[in-house]
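# requesting a structural model of the entry that follows:
(one chain, ligands or ions: 2)
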Amino acid sequence: MVTENRMPMTPLERVDEPDMGTHLIDQHRYTDPEFAKLEWDRMWTKVWNIAGPLCDIPEVGDYFTQTLGRESFIFMRTGEDEIKGYYNICPHRGSRLRPSIGLGHAEQIQCPFHLWTFDIEGELHTVPDRQHFVNGIPEEKQQLAEVRVDTWGPFVFFNMNEEAEPLSEFLGVIPSHLDPYHFEDYHLVQDFELIWECNWKFAVDQFAEIYHLPALHPQLIEWWDTAGTPLDVYDGGKHSRQLIRQGYPDGGAWTDEMARRHGYDDKEMITDSQWQQLAAVGIDKDSFEGGVNDVRPAITKARRELYEQMGVDVSALHDEQLIDDYHYMIFPNITLNIGGTSLTYFRARPHPTNPDQCLWDYQVYARLPQGAPAPPRPSTVRGTARDVEVFEALAQDMAQAQIVQESYHSQGFNGILLNSEERRIRAMHHALEQYLYGPDR
Ligand code: FES
Ligand SMILES: [Fe+2]
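Ligands and ions are numbered 1, 2, ... in the order given. Purely as a prediction, here's the structure:
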C-alpha cells in the first residue's frame with residue numbers, strides 16, 4: 001500500500017523463518033568469561049553497534065563519547081553531512097582525549113596529558129616542543145585512529161570491522177519497516193544508563209518475550225494482549241519483531257467469544273487502564289458512548305486527529321501503529337518499542353570484564369512536528385536498580401534478571417528451554433553463532 005506522499009507503509013505480512021532447531025541453549029554462554037571473550041573477538045568487534053543519538057550532535061564540532069567493552073570512542077559532526085568516529089585515544093602515549101562519558105562541542109581536540117592538539121578531522125595540528133621529537137613524528141601518530149560510522153533513523157552507528165558489510169545491508173528489513181515513522185523528527189526526552197546484575201544477553205532476553213507478562217507484570221495485562229501476537233524473525237535470525245496488541249481489557253483472555261458474551265456495547269466491562277488511556281486523548285466517562293470493544297478504535301481515531309492537529313504527519317502509519325507496541329529487535333542488543341509518535345529504546349552492552357553484569361541504556365524519543373525546536377537535552381540518569389527509581393515493570397524485570405543470572409551458575413540447571421513464543425531468544429543465539437563459529441558449523 002502507498003500513501004499520498006508515496007511513503008511505503010510498514011509491511012504487515014508474516015515471513016518464513018530460518019530453521020533454528022529446538023535444542024537447549026547452554027546457560028554457560030551467560031556466565032563463562034571465555035565465552036564473553038569469544039563474543040568480543042568475533043562479534044562485538046565485527047558487528048554494527050549503535051553509538052548514540054544523532055540529535056546530540058546537530059552542529060559541526062558537536063561530539064559525544066561512548067564506550068563498548070574496554071573501548072572508548074568519540075563521535076563528532078565534522079561537516080553538515082559528515083560524522084566521524086575516533087578511538088578516544090591520543091596517539092602520543094595513549095591518554096583518553098575526552099572523558100569516556102559525555103558530550104560537548106570542540107573546535108579542536110586537545111589531549112589533556114601533553115596538549116597535543118588535533119583538528120576535528122583528526123589531523124595532528126599542534127605539538128608542544130615539537131623539536132624534542134628529534135627523529136620526527138611517525139605518520140601513524142599524525143592523526144586519530146578512526147572507526148567506521150554511519151547513520152540510520154535517530155541513531156549514529158559504528159563498526160570496528162573495516163571489512164564488515166555496509167550498515168544498510170546489516171539492517172536488512174529494518175529500514176523498510178520503520179522508515180514510515182519518520183525517525184528523523186524524533187528527539188531524546190529521557191536518558192538512563194543502568195547497571196544490571198546479569199549478562200548482557202539476559203537483559204536482551206528479558207524484552208524478547210511477553211510469555212512472562214502475566215506472572216511478572218500482572219499490572220499490565222489489562223492493556224496488553226499477551227496471547228498469540230504476531231512474531232517474526234528476519235535476516236537469518238538477526239532481527240525480529242512482535243506486534244503486541246494493546247487496548248484490550250483482559251490481556252490475552254479477551255476473545256471475540258467473550259466480547260459476544262458480554263456484549264460489544266458493555267460499558268461496564270471497560271477497565272481502569274482503558275479509561276486512563278481514553279482520558280489521555282480527551283475522552284471522559286460521560287462522553288464516551290461505546291462499549292468495551294469500542295475503546296481501541298476510539299483511541300486510535302482520537303490519536304490520529306490529535307497528531308494531525310499538532311502538525312505531525314502520521315499518514316504513512318497503519319491505524320494499529322497508533323495504538324499497538326510495534327516491538328522490534330536489532331541484533332545483537334537493541335530493543336525498540338514503537339508507538340505512534342514515541343520510541344523507547346533499550347540497549348544492553350557487555351560489561352568490560354564481568355559476564356555477570358551489563359550496562360543497560362534506556363532512552364525515550366518523542367516525535368515533534370517537522371521544524372519544531374528541539375527540546376532541551378535531558379541529563380543522563382546513572383545507577384543501579386537499588387539507587388535509581390524506574391517504572392514498575394522495569395524494576396520487576398531487573399530483579400528477575402539477577403535471580404536467573406545466579407541460577408545460571410548452578411550445577412542443578414541443565415540448559416535453557418524455549419517455547420515458540422520465546423523464539424526471538426533462539427534467533428539471537430542463532431545469529432550469534434554465525435558470528436562466533438561461522439555459517440557452516
Ligand atoms: S598522551 Fe596525549 S599528548 Fe601525550
Ligand atoms: Fe518484562
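
# following the strand or helix carrying residue 276, which helix or strand shows up next?
Here residue 276 is covered by helix 272-280, with elements defined by DSSP states H and E. Sequence order places helix 295-310 as the next helix or strand after helix 272-280, per DSSP H and E.

# the chain: helices as residue ranges?
Assigned by DSSP state H, the helices in the chain fall at 33-39, 167-171, 174-178, 200-205, 213-216, 256-262, 272-280, 295-310, 392-407, 423-437.

# okay, those, which one's buried deepest?
The highest average neighbour count among the helices of the chain, using mean count of other Cβ atoms under 10 Å, belongs to helix 200-205 at a mean of 25. Any C-beta I mention is one placed from the backbone N, CA and C, and that applies to glycine too.

# can you give the distance of the helix holding residue 276 from its chain's centre?
Distance of helix 272-280 from the chain centroid (Cα atoms, centre = their mean, to the nearest Å) equals 27 Å.

# quick one: residues contacting the spatially closest residue to residue 32 that is not a sequence neighbour.
In this structure, residue 32 finds its nearest non-sequential neighbour in residue 355, 6.7 Å apart by Cβ to Cβ, 6 or more residues apart in numbering. Taking Cβ atoms under 8 Å, 6 or more residues apart in numbering, we find residue 355 in contact with 30-33, 35-36, 199.

# count of neighbours near the closest residue to residue 164 other than its chain neighbours?
Of all residues not flanking residue 164 in the chain, residue 46 sits nearest, at 6.1 Å (Cβ to Cβ, 6+ apart). By the criterion of other Cβ atoms under 10 Å, residue 46 has 14 neighbours.

# what residues are up against the closest residue to residue 399 other than its chain neighbours?
Distances taken as Cβ to Cβ, 6+ apart place residue 385 nearest to residue 399, at 6.7 Å, with adjacent residues excluded. Contacts of residue 385 were listed using Cβ under 8 Å, 6+ apart, and they are 194, 196-197, 395, 398-399, 402.

# equivalent analysis for residue 142, please.
Residue 142 neighbours (Cβ under 8 Å, 6+ apart): 91, 123-124.

# take the residues you listed and keep only those in strands.
Among those, DSSP state E puts residue 124 in strands.

# out of the contacts of residue 142, which end up buried?
Neighbour counting by 16 or more other Cβ atoms under 10 Å classes 91, 124 among the contacts of residue 142 as buried.

# now, which of the contacts of residue 142 sits nearest ligand 1?
Nearest to ligand 1 among the contacts of residue 142, counting by Cβ to the nearest ligand atom, is residue 91 at 7.7 Å.

# surely the closest one is in contact with residue 139?
No: if you go by Cβ atoms under 8 Å, residue 91 and residue 139 don't touch, sitting 10.4 Å apart.

# give the bridge partners for residue 52, please.
Counting by DSSP bridges, residue 52 is bridged to residue 156.

# tell me the confidence at the residue in the stretch 251-400 of the chain positioned nearest to ligand 1?
Of all residues in the stretch 251-400 of the chain, the one sitting closest to ligand 1 is residue 352 (21.3 Å; Cβ to the nearest ligand atom). Residue 352 carries a pLDDT value of 96.

# quick check: residue 104 touching residue 63?
Yes: using Cβ under 8 Å, residue 104 is in contact with residue 63, at 6.3 Å.

# please say which of these two ends up with more neighbours.
Ranked by neighbour count (other Cβ under 10 Å), residue 104 and residue 63 place residue 63 first, with 25 against 13.

# from residue 156, how far out is the more buried one?
Distance check for residue 63 against residue 156: by Cβ to Cβ, to the nearest Å, it reads 11 Å.

# and for the two, which residues touch both?
57, 75.

# kindly report the residues of the protein close to ligand 1.
Applying Cβ under 6 Å from any ligand atom, we find that the chain lies next to ligand 1 at 90, 92-93, 95, 111, 113-114, 116.

# who's in contact with the closest residue to residue 323 other than its chain neighbours?
Excluding the flanking residues, the one nearest residue 323 by Cβ to Cβ, 6+ apart is residue 300, at 4.9 Å. Residue 300 makes contacts with 319-320, 322-323, as judged by Cβ under 8 Å, 6+ apart.

# change it to 10 Å
Applying Cβ atoms under 10 Å, 6 or more residues apart in numbering to residue 300 gives the contacts 247, 281, 318-324, 340.

# buried subset of the residues you listed, written for ChimeraX?
Those of the contacts of residue 300 that count as buried under 16+ other Cβ under 10 Å are selected in ChimeraX with:
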select :247,318,320,321,322,323,324,340
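
# from the contacts of residue 300, which single one is nearest residue 410?
Ranked by distance to residue 410 (Cβ to Cβ), these are led by residue 324 at 38.0 Å.

# surely residue 7 is in contact with residue 316?
Yes: shown here, residue 7 and residue 316 form a contact pair, counting by Cβ atoms under 10 Å, at 4.0 Å.

# got any residues that touch both of the two?
Common neighbours of residue 7 and residue 316, counting by Cβ under 10 Å, 6+ apart, are 179-180, 182.

# which residues of the stretch 251-400 of the chain score low on pLDDT?
For the stretch 251-400 of the chain, applying pLDDT under 70 flags the ranges 251-265.

# and stretch 16-36, average pLDDT?
Computed over stretch 16-36, the mean pLDDT rounds to 95.

# can I see the domain layout of the chain?
Per automatic domain parsing, the structural domains of the chain span 1-47+173-246+324-441, 49-163, 251-321.

# pLDDT on the second one, on average?
So the one you mean is domain 49-163. Regarding domain 49-163, the rounded mean pLDDT is 97.

# quick check: end-to-end length of that domain?
Taking Cα to Cα, to the nearest Å, domain 49-163 runs 15 Å from one end to the other.

# quick one: that domain to chain centroid distance?
How far domain 49-163 lies from its chain's middle: 24 Å, per Cα atoms, centre = their mean.

# check stretch 223-241 too.
15 Å.

# okay, buried residues for it please.
223-227, 229, 231-241.

# that older thread, give me the distance between the residue of the stretch 251-400 of the chain closest to ligand 1 and residue 381.
For residue 352, the distance to residue 381 equals 21 Å [Cβ to Cβ].

# thinking again about what came up before, of residue 7 and residue 316, who's got more company?
More crowded of residue 7 and residue 316, by other Cβ under 10 Å: residue 316, with 20 against 14.
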